[in-house]
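Peer 1: Using only what follows, build the 3D model:
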Amino acid sequence: MTTKNTIYSFKFILICICSLLFSTSFNMLIPELPQYLSDLGGSNYKGLIIALFTLTAGLSRPFSGKLTDTIGRKPVLLFGAFVCVICGFLYPILTTVSGFLFLRLFHGFSTGFTPTAITAYVADVIPQKRWGEAIGMQGLFFSTGFALGPALGSFIKLHYSFNVLFYSSSIISLLAVIAFLNIKETLIDKQRFTRQTLLISRHEIIAKEVFPAAIITFLYYFPFGVILTVIPDWSSHLGIVNKGTFFIYFTIASLVVRFVSGKVSDSYGRYIVMKIGLILLLLSLLFLGFFITKNQLFIGASLYGAAMGILSPTVNAWTIDLSIAKYRGKAIATRFIALEAGIGLGALFSGWYFKDSVTTIPHLFFICAFLIFISFIYLMRYLKRK
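Peer 2: The predicted model follows:
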(Lines give C-alpha, C1' and ligand atoms only; values in the text may rest on other atoms or scores of the structure.)
Protein backbone atom coordinates (compact mmCIF):
# COMPACT_ATOMS: atom_id res chain seq x y z
CA MET A 1 0.00 0.00 0.00
CA THR A 2 1.27 3.46 -0.86
CA THR A 3 -0.29 5.12 2.19
CA LYS A 4 -2.43 4.05 5.11
CA ASN A 5 -5.54 5.73 3.71
CA THR A 6 -5.57 4.74 0.05
CA ILE A 7 -6.23 1.54 -1.83
CA TYR A 8 -4.64 2.93 -5.00
CA SER A 9 -1.25 1.25 -4.90
CA PHE A 10 0.69 0.46 -8.07
CA LYS A 11 -0.35 -3.20 -7.73
CA PHE A 12 -4.00 -2.32 -7.59
CA ILE A 13 -3.89 0.18 -10.47
CA LEU A 14 -2.05 -2.34 -12.66
CA ILE A 15 -4.57 -5.11 -11.99
CA CYS A 16 -7.36 -2.66 -12.87
CA ILE A 17 -5.70 -1.84 -16.21
CA CYS A 18 -5.30 -5.57 -16.87
CA SER A 19 -9.01 -6.06 -16.13
CA LEU A 20 -9.92 -3.37 -18.67
CA LEU A 21 -7.83 -4.90 -21.46
CA PHE A 22 -8.94 -8.46 -20.74
CA SER A 23 -12.62 -7.53 -20.60
CA THR A 24 -12.42 -5.48 -23.79
CA SER A 25 -10.77 -8.31 -25.72
CA PHE A 26 -13.57 -10.88 -25.44
CA ASN A 27 -16.54 -8.54 -25.04
CA MET A 28 -15.84 -6.80 -28.35
CA LEU A 29 -16.99 -9.94 -30.15
CA ILE A 30 -20.37 -10.32 -28.45
CA PRO A 31 -22.66 -7.99 -30.47
CA GLU A 32 -21.47 -9.28 -33.86
CA LEU A 33 -21.27 -13.03 -33.22
CA PRO A 34 -25.01 -13.73 -33.74
CA GLN A 35 -24.80 -12.30 -37.27
CA TYR A 36 -21.50 -14.09 -37.89
CA LEU A 37 -23.04 -17.42 -36.89
CA SER A 38 -26.06 -16.74 -39.12
CA ASP A 39 -23.72 -16.04 -42.05
CA LEU A 40 -22.10 -19.43 -41.40
CA GLY A 41 -25.55 -21.05 -41.59
CA GLY A 42 -26.00 -21.60 -37.87
CA SER A 43 -28.81 -19.20 -36.96
CA ASN A 44 -30.56 -21.95 -34.97
CA TYR A 45 -27.58 -22.16 -32.62
CA LYS A 46 -27.45 -18.55 -31.40
CA GLY A 47 -28.21 -19.60 -27.85
CA LEU A 48 -24.99 -21.61 -27.84
CA ILE A 49 -22.80 -18.56 -28.50
CA ILE A 50 -22.92 -17.61 -24.83
CA ALA A 51 -23.96 -20.99 -23.41
CA LEU A 52 -20.89 -22.89 -24.67
CA PHE A 53 -18.59 -20.06 -23.57
CA THR A 54 -20.00 -20.12 -20.05
CA LEU A 55 -20.07 -23.95 -19.93
CA THR A 56 -16.29 -24.28 -20.06
CA ALA A 57 -15.90 -21.18 -17.91
CA GLY A 58 -18.04 -22.81 -15.23
CA LEU A 59 -16.44 -26.26 -15.53
CA SER A 60 -12.96 -24.76 -15.25
CA ARG A 61 -13.72 -22.77 -12.09
CA PRO A 62 -12.85 -25.57 -9.61
CA PHE A 63 -9.49 -25.94 -11.34
CA SER A 64 -8.81 -22.20 -11.47
CA GLY A 65 -9.81 -21.88 -7.81
CA LYS A 66 -7.46 -24.67 -6.74
CA LEU A 67 -4.61 -23.43 -8.92
CA THR A 68 -5.07 -19.89 -7.60
CA ASP A 69 -4.70 -21.23 -4.06
CA THR A 70 -1.71 -23.47 -4.88
CA ILE A 71 0.56 -22.36 -7.74
CA GLY A 72 -0.34 -18.66 -7.45
CA ARG A 73 -2.49 -15.87 -8.84
CA LYS A 74 -0.19 -14.83 -11.69
CA PRO A 75 -0.07 -18.10 -13.71
CA VAL A 76 -3.87 -18.31 -13.62
CA LEU A 77 -4.17 -14.68 -14.76
CA LEU A 78 -1.84 -15.31 -17.68
CA PHE A 79 -3.45 -18.55 -18.84
CA GLY A 80 -6.93 -17.06 -19.19
CA ALA A 81 -5.68 -14.01 -21.10
CA PHE A 82 -3.56 -16.16 -23.41
CA VAL A 83 -6.62 -18.23 -24.36
CA CYS A 84 -8.15 -15.01 -25.75
CA VAL A 85 -5.02 -14.40 -27.82
CA ILE A 86 -5.24 -17.86 -29.38
CA CYS A 87 -8.98 -17.76 -30.08
CA GLY A 88 -8.86 -14.42 -31.90
CA PHE A 89 -6.45 -15.91 -34.44
CA LEU A 90 -8.43 -19.15 -34.80
CA TYR A 91 -11.89 -17.71 -35.56
CA PRO A 92 -10.89 -16.74 -39.15
CA ILE A 93 -9.47 -20.25 -39.68
CA LEU A 94 -12.28 -22.44 -38.31
CA THR A 95 -15.09 -21.14 -40.51
CA THR A 96 -17.67 -23.93 -40.17
CA VAL A 97 -20.55 -23.91 -37.69
CA SER A 98 -19.00 -26.79 -35.75
CA GLY A 99 -15.60 -25.11 -35.77
CA PHE A 100 -17.10 -21.86 -34.50
CA LEU A 101 -19.00 -23.63 -31.71
CA PHE A 102 -15.82 -25.49 -30.70
CA LEU A 103 -14.00 -22.18 -30.43
CA ARG A 104 -16.75 -20.71 -28.26
CA LEU A 105 -16.32 -23.74 -25.99
CA PHE A 106 -12.55 -23.25 -25.84
CA HIS A 107 -12.80 -19.46 -25.48
CA GLY A 108 -14.70 -19.94 -22.21
CA PHE A 109 -11.51 -21.04 -20.46
CA SER A 110 -10.45 -17.38 -20.53
CA THR A 111 -13.12 -16.18 -18.10
CA GLY A 112 -12.94 -19.48 -16.24
CA PHE A 113 -9.43 -18.61 -15.09
CA THR A 114 -8.53 -14.92 -15.16
CA PRO A 115 -11.41 -13.33 -13.15
CA THR A 116 -10.97 -15.88 -10.33
CA ALA A 117 -7.32 -14.92 -9.91
CA ILE A 118 -8.03 -11.19 -10.28
CA THR A 119 -10.52 -11.20 -7.40
CA ALA A 120 -8.17 -13.21 -5.18
CA TYR A 121 -5.33 -10.82 -6.05
CA VAL A 122 -7.41 -7.77 -5.10
CA ALA A 123 -8.33 -9.39 -1.77
CA ASP A 124 -4.61 -10.04 -1.16
CA VAL A 125 -3.46 -6.43 -1.66
CA ILE A 126 -6.42 -4.59 -0.06
CA PRO A 127 -7.35 -4.47 3.68
CA GLN A 128 -10.53 -6.38 4.52
CA LYS A 129 -12.47 -3.28 5.58
CA ARG A 130 -11.97 -1.84 2.06
CA TRP A 131 -12.85 -4.97 0.02
CA GLY A 132 -16.22 -3.68 -1.16
CA GLU A 133 -14.73 -0.40 -2.37
CA ALA A 134 -11.74 -2.08 -4.05
CA ILE A 135 -13.77 -4.79 -5.79
CA GLY A 136 -16.20 -2.14 -6.95
CA MET A 137 -13.36 -0.10 -8.43
CA GLN A 138 -11.73 -3.10 -10.11
CA GLY A 139 -15.16 -4.07 -11.42
CA LEU A 140 -15.50 -0.55 -12.78
CA PHE A 141 -12.49 -1.13 -15.05
CA PHE A 142 -13.77 -4.57 -16.03
CA SER A 143 -17.17 -3.09 -16.84
CA THR A 144 -15.58 -0.30 -18.86
CA GLY A 145 -14.23 -3.06 -21.07
CA PHE A 146 -17.74 -4.41 -21.30
CA ALA A 147 -18.92 -1.08 -22.76
CA LEU A 148 -15.83 -0.25 -24.77
CA GLY A 149 -15.54 -3.77 -26.20
CA PRO A 150 -18.96 -4.10 -27.90
CA ALA A 151 -18.90 -0.52 -29.19
CA LEU A 152 -15.38 -0.96 -30.55
CA GLY A 153 -16.21 -4.37 -31.98
CA SER A 154 -19.29 -3.13 -33.83
CA PHE A 155 -17.33 -0.11 -35.14
CA ILE A 156 -14.59 -2.39 -36.51
CA LYS A 157 -17.13 -4.71 -38.14
CA LEU A 158 -19.06 -1.82 -39.70
CA HIS A 159 -15.92 -0.31 -41.26
CA TYR A 160 -13.74 -3.36 -41.89
CA SER A 161 -14.56 -7.07 -41.57
CA PHE A 162 -15.12 -9.95 -39.18
CA ASN A 163 -11.50 -11.08 -39.56
CA VAL A 164 -10.17 -7.65 -38.57
CA LEU A 165 -12.51 -7.80 -35.56
CA PHE A 166 -11.09 -11.18 -34.49
CA TYR A 167 -7.48 -10.10 -34.95
CA SER A 168 -8.13 -6.90 -33.00
CA SER A 169 -9.49 -8.99 -30.14
CA SER A 170 -6.26 -11.00 -30.10
CA ILE A 171 -4.07 -7.89 -30.10
CA ILE A 172 -5.92 -6.37 -27.14
CA SER A 173 -5.72 -9.63 -25.18
CA LEU A 174 -2.01 -9.77 -25.97
CA LEU A 175 -1.67 -6.34 -24.37
CA ALA A 176 -3.41 -7.82 -21.31
CA VAL A 177 -0.87 -10.66 -21.24
CA ILE A 178 2.00 -8.15 -21.36
CA ALA A 179 0.42 -6.17 -18.52
CA PHE A 180 -0.12 -9.34 -16.45
CA LEU A 181 3.58 -10.18 -16.82
CA ASN A 182 4.32 -7.09 -14.72
CA ILE A 183 2.11 -8.29 -11.87
CA LYS A 184 4.01 -9.51 -8.79
CA GLU A 185 2.80 -12.75 -7.23
CA THR A 186 0.95 -12.31 -3.91
CA LEU A 187 0.45 -15.95 -2.84
CA ILE A 188 3.00 -16.64 -0.11
CA ASP A 189 3.09 -20.45 0.12
CA LYS A 190 3.28 -21.31 -3.57
CA GLN A 191 3.58 -24.88 -4.82
CA ARG A 192 5.11 -26.15 -8.02
CA PHE A 193 2.65 -27.20 -10.71
CA THR A 194 2.36 -30.95 -11.22
CA ARG A 195 -0.23 -33.16 -12.83
CA GLN A 196 -1.45 -34.00 -9.33
CA THR A 197 -2.41 -30.35 -8.92
CA LEU A 198 -5.14 -30.84 -11.52
CA LEU A 199 -6.76 -33.69 -9.59
CA ILE A 200 -9.92 -32.28 -8.03
CA SER A 201 -11.79 -34.05 -5.25
CA ARG A 202 -15.46 -33.40 -4.67
CA HIS A 203 -14.55 -31.36 -1.58
CA GLU A 204 -12.53 -28.96 -3.72
CA ILE A 205 -15.31 -28.06 -6.17
CA ILE A 206 -17.70 -26.03 -4.04
CA ALA A 207 -17.04 -23.86 -1.00
CA LYS A 208 -20.18 -24.53 1.04
CA GLU A 209 -19.65 -21.50 3.23
CA VAL A 210 -20.39 -19.16 0.29
CA PHE A 211 -23.39 -21.09 -1.01
CA PRO A 212 -25.92 -18.29 -0.17
CA ALA A 213 -23.92 -15.80 -2.26
CA ALA A 214 -23.72 -18.35 -5.08
CA ILE A 215 -27.52 -18.80 -5.17
CA ILE A 216 -28.13 -15.05 -5.36
CA THR A 217 -25.45 -14.78 -8.06
CA PHE A 218 -27.03 -17.52 -10.19
CA LEU A 219 -30.46 -15.93 -10.06
CA TYR A 220 -29.42 -12.38 -10.92
CA TYR A 221 -27.02 -13.43 -13.68
CA PHE A 222 -29.61 -15.59 -15.49
CA PRO A 223 -31.14 -12.43 -17.05
CA PHE A 224 -27.66 -11.35 -18.13
CA GLY A 225 -27.35 -14.48 -20.27
CA VAL A 226 -30.72 -13.67 -21.81
CA ILE A 227 -29.69 -10.09 -22.56
CA LEU A 228 -26.36 -11.10 -24.13
CA THR A 229 -28.25 -13.44 -26.46
CA VAL A 230 -31.22 -11.35 -27.59
CA ILE A 231 -30.16 -7.70 -27.35
CA PRO A 232 -28.19 -7.70 -30.66
CA ASP A 233 -31.30 -8.86 -32.57
CA TRP A 234 -33.59 -6.64 -30.48
CA SER A 235 -31.37 -3.64 -31.26
CA SER A 236 -31.54 -4.38 -35.01
CA HIS A 237 -35.33 -4.71 -34.76
CA LEU A 238 -35.52 -1.25 -33.17
CA GLY A 239 -33.32 0.29 -35.88
CA ILE A 240 -30.13 0.68 -33.83
CA VAL A 241 -27.14 0.41 -36.20
CA ASN A 242 -24.39 -0.15 -33.61
CA LYS A 243 -25.45 -3.26 -31.71
CA GLY A 244 -23.13 -2.35 -28.86
CA THR A 245 -25.11 0.80 -27.98
CA PHE A 246 -27.23 -0.98 -25.35
CA PHE A 247 -24.05 -2.05 -23.57
CA ILE A 248 -22.68 1.50 -23.61
CA TYR A 249 -25.71 2.78 -21.68
CA PHE A 250 -25.65 -0.30 -19.46
CA THR A 251 -21.99 0.15 -18.57
CA ILE A 252 -22.00 3.91 -18.08
CA ALA A 253 -24.78 3.52 -15.51
CA SER A 254 -22.95 0.61 -13.92
CA LEU A 255 -19.71 2.58 -13.71
CA VAL A 256 -21.36 5.60 -12.08
CA VAL A 257 -22.95 3.41 -9.42
CA ARG A 258 -19.79 1.36 -8.80
CA PHE A 259 -17.99 4.48 -7.63
CA VAL A 260 -20.10 4.37 -4.47
CA SER A 261 -21.89 1.01 -4.14
CA GLY A 262 -18.93 -1.02 -2.90
CA LYS A 263 -17.92 1.69 -0.45
CA VAL A 264 -21.50 2.00 0.81
CA SER A 265 -21.65 -1.76 1.40
CA ASP A 266 -18.43 -1.46 3.47
CA SER A 267 -20.02 1.24 5.60
CA TYR A 268 -23.68 0.20 5.91
CA GLY A 269 -23.55 -3.54 5.29
CA ARG A 270 -23.92 -5.86 2.33
CA TYR A 271 -27.55 -6.85 2.91
CA ILE A 272 -29.25 -3.48 2.64
CA VAL A 273 -27.30 -2.72 -0.56
CA MET A 274 -28.22 -6.10 -2.06
CA LYS A 275 -31.91 -5.53 -1.33
CA ILE A 276 -31.81 -2.18 -3.13
CA GLY A 277 -29.96 -3.74 -6.07
CA LEU A 278 -32.43 -6.60 -6.47
CA ILE A 279 -35.45 -4.27 -6.34
CA LEU A 280 -33.91 -2.01 -8.99
CA LEU A 281 -33.01 -5.01 -11.14
CA LEU A 282 -36.59 -6.28 -10.96
CA LEU A 283 -37.94 -2.87 -12.01
CA SER A 284 -35.45 -2.56 -14.89
CA LEU A 285 -36.47 -5.92 -16.37
CA LEU A 286 -40.15 -5.02 -16.14
CA PHE A 287 -39.34 -1.71 -17.85
CA LEU A 288 -37.51 -3.49 -20.68
CA GLY A 289 -40.48 -5.81 -21.16
CA PHE A 290 -43.20 -3.16 -21.17
CA PHE A 291 -41.50 -0.34 -23.09
CA ILE A 292 -40.17 -1.17 -26.55
CA THR A 293 -38.99 1.97 -28.34
CA LYS A 294 -35.34 2.81 -29.04
CA ASN A 295 -35.07 5.51 -26.36
CA GLN A 296 -36.95 3.39 -23.84
CA LEU A 297 -34.48 0.58 -24.47
CA PHE A 298 -31.62 2.92 -23.53
CA ILE A 299 -33.43 3.96 -20.34
CA GLY A 300 -33.98 0.30 -19.48
CA ALA A 301 -30.32 -0.44 -20.19
CA SER A 302 -29.31 2.36 -17.80
CA LEU A 303 -31.58 1.06 -15.03
CA TYR A 304 -30.31 -2.47 -15.57
CA GLY A 305 -26.70 -1.28 -15.52
CA ALA A 306 -27.24 0.65 -12.29
CA ALA A 307 -28.73 -2.43 -10.64
CA MET A 308 -25.82 -4.62 -11.73
CA GLY A 309 -23.39 -1.93 -10.59
CA ILE A 310 -24.93 -2.17 -7.13
CA LEU A 311 -25.09 -5.96 -6.96
CA SER A 312 -21.85 -7.15 -8.52
CA PRO A 313 -19.27 -5.60 -6.18
CA THR A 314 -21.49 -6.10 -3.15
CA VAL A 315 -22.15 -9.82 -3.71
CA ASN A 316 -18.50 -10.32 -4.64
CA ALA A 317 -17.38 -8.71 -1.38
CA TRP A 318 -20.01 -10.73 0.51
CA THR A 319 -18.53 -13.89 -0.99
CA ILE A 320 -15.09 -12.96 0.36
CA ASP A 321 -16.66 -12.10 3.74
CA LEU A 322 -18.11 -15.60 3.93
CA SER A 323 -14.97 -17.35 2.68
CA ILE A 324 -12.19 -19.06 4.61
CA ALA A 325 -8.96 -17.15 3.96
CA LYS A 326 -6.91 -20.27 3.14
CA TYR A 327 -9.44 -21.31 0.48
CA ARG A 328 -10.28 -17.90 -0.90
CA GLY A 329 -9.68 -19.01 -4.49
CA LYS A 330 -12.14 -21.88 -4.11
CA ALA A 331 -14.75 -19.54 -2.61
CA ILE A 332 -14.40 -17.05 -5.44
CA ALA A 333 -14.50 -19.89 -7.96
CA THR A 334 -17.75 -21.14 -6.40
CA ARG A 335 -19.42 -17.79 -6.97
CA PHE A 336 -18.14 -17.70 -10.53
CA ILE A 337 -19.48 -21.21 -11.16
CA ALA A 338 -22.91 -19.89 -10.16
CA LEU A 339 -22.36 -16.81 -12.33
CA GLU A 340 -21.43 -18.87 -15.40
CA ALA A 341 -24.29 -21.29 -14.79
CA GLY A 342 -26.72 -18.38 -14.63
CA ILE A 343 -25.41 -16.74 -17.79
CA GLY A 344 -25.14 -20.04 -19.67
CA LEU A 345 -28.60 -21.32 -18.80
CA GLY A 346 -30.07 -17.88 -19.46
CA ALA A 347 -28.47 -17.85 -22.90
CA LEU A 348 -29.50 -21.43 -23.63
CA PHE A 349 -33.08 -20.86 -22.51
CA SER A 350 -33.44 -17.60 -24.42
CA GLY A 351 -31.96 -19.12 -27.58
CA TRP A 352 -34.47 -21.99 -27.37
CA TYR A 353 -37.41 -19.68 -26.60
CA PHE A 354 -36.39 -16.87 -28.98
CA LYS A 355 -35.92 -18.82 -32.25
CA ASP A 356 -35.34 -15.60 -34.25
CA SER A 357 -38.82 -14.29 -33.34
CA VAL A 358 -38.40 -10.80 -31.86
CA THR A 359 -41.97 -10.76 -30.56
CA THR A 360 -40.92 -13.25 -27.86
CA ILE A 361 -38.20 -11.01 -26.40
CA PRO A 362 -40.44 -9.00 -24.00
CA HIS A 363 -41.72 -12.32 -22.58
CA LEU A 364 -38.13 -13.24 -21.72
CA PHE A 365 -37.71 -10.03 -19.73
CA PHE A 366 -40.83 -10.83 -17.70
CA ILE A 367 -39.58 -14.36 -16.94
CA CYS A 368 -36.29 -12.88 -15.77
CA ALA A 369 -38.11 -10.39 -13.54
CA PHE A 370 -39.87 -13.30 -11.83
CA LEU A 371 -36.51 -14.96 -11.11
CA ILE A 372 -35.24 -11.76 -9.50
CA PHE A 373 -38.34 -11.71 -7.32
CA ILE A 374 -37.46 -15.26 -6.21
CA SER A 375 -33.89 -14.17 -5.40
CA PHE A 376 -35.22 -11.32 -3.24
CA ILE A 377 -37.47 -13.74 -1.32
CA TYR A 378 -34.51 -16.11 -0.83
CA LEU A 379 -32.34 -13.29 0.56
CA MET A 380 -35.08 -12.25 3.00
CA ARG A 381 -35.52 -15.84 4.20
CA TYR A 382 -31.74 -16.20 4.59
CA LEU A 383 -31.57 -13.07 6.72
CA LYS A 384 -34.48 -14.29 8.82
CA ARG A 385 -32.67 -17.58 9.54
CA LYS A 386 -29.33 -15.86 10.15
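Peer 1: Let me know the average pLDDT across stretch 72-83.
Peer 2: For stretch 72-83, mean pLDDT is 91.
Peer 1: oh, I was asking about stretch 231-249
Peer 2: The model assigns stretch 231-249 a mean pLDDT of 81.
Peer 1: From one end of it to the other, what's the distance?
Peer 2: 13 Å (CA to CA, to the nearest Å).
Peer 1: Same check on stretch 25-32?
Peer 2: Terminal-residue distance, stretch 25-32 (CA to CA): 13 Å.
Peer 1: For T251, which non-adjacent residue is spatially closest?
Peer 2: If you skip the residues right next to it in sequence, T251 has A147 as its closest partner in space, 3.0 Å away by CB to CB, 6 or more residues apart in numbering. Placement of C-beta: from N, CA and C, glycine included.
Peer 1: What score does the one you found have for pLDDT?
Peer 2: Predicted confidence (pLDDT) for A147: 72.
Peer 1: dump the residue contacts of the nearest residue to S236 once chain neighbours are set aside.
Peer 2: Leaving aside its sequence neighbours, S236 sits nearest to K243 (CB to CB, 6+ apart; 6.8 Å). Neighbour list for K243: 31-32, 150, 154, 231-232, 235-236 [criterion: CB atoms under 8 Å, 6 or more residues apart in numbering].
Peer 1: from those, which two are the most distant?
Peer 2: Farthest-apart pair in the contacts of K243 is P150 and S236; separation 13.8 Å (CB to CB).
Peer 1: my read: I227 touches A307, true?
Peer 2: No: using CB atoms under 8 Å, I227 is not in contact with A307, being 12.0 Å away.
Peer 1: quick revisit: looking at P150 and S236 now, which is surrounded by more residues?
Peer 2: Comparing P150 with S236 by other CB atoms under 10 Å, the one with more neighbours is P150, at 29 against 15.
Peer 1: May I ask which helix or strand encompasses that one?
Peer 2: helix 131-159 (DSSP states H and E).
Peer 1: now the helices: where do they sit in this structure?
Peer 2: Ranges of helices within the chain are 10-27, 33-39, 47-70, 73-90, 97-107, 109-125, 131-159, 162-180, 211-237, 245-268, 270-290, 294-322, 328-354, 361-385, based on DSSP state H.
Peer 1: Would you mind saying which of these lies nearest D189?
Peer 2: Comparing the helices of the chain by their distance to D189 (CB to CB), the top pick is helix 47-70, with 8.8 Å.
Peer 1: before we move on, the earlier item: in ChimeraX, how would I select the buried members of the contacts of K243?
Peer 2: Per 16 or more other CB atoms under 10 Å, the buried members of those correspond to this ChimeraX selection:
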select :31,32,150,154,231,232,235
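Peer 1: Contact partners for W131?
Peer 2: 122-123, 262, 266, 317, 320-321.
Peer 1: what about the stretch 251-386 of the chain, any weak spots by pLDDT?
Peer 2: For the stretch 251-386 of the chain, applying pLDDT under 70 flags the ranges 355-356, 386.
Peer 1: residues contacting the closest residue to P223 other than its chain neighbours?
Peer 2: Spatial nearest neighbour of P223, chain neighbours left out: C368 (3.6 Å); criterion: CB to CB, 6+ apart. C368 is in contact with 222-223, 226, 285, 346, counting by CB under 8 Å, 6+ apart.
Peer 1: number of nearby residues for the residue nearest to T251?
Peer 2: A147 is flanked by 25 other residues according to other CB under 10 Å.
Peer 1: ditto for the one 5 residues further on
Peer 2: Other residues near L152 number 19, with proximity taken as other CB under 10 Å.
Peer 1: per-residue pLDDT, the closest residue to it other than its chain neighbours?
Peer 2: Counting by CB to CB, 6+ apart, the nearest residue to L152 once its immediate chain neighbours are dropped is M28, at 5.2 Å. pLDDT recorded at M28 is 91.
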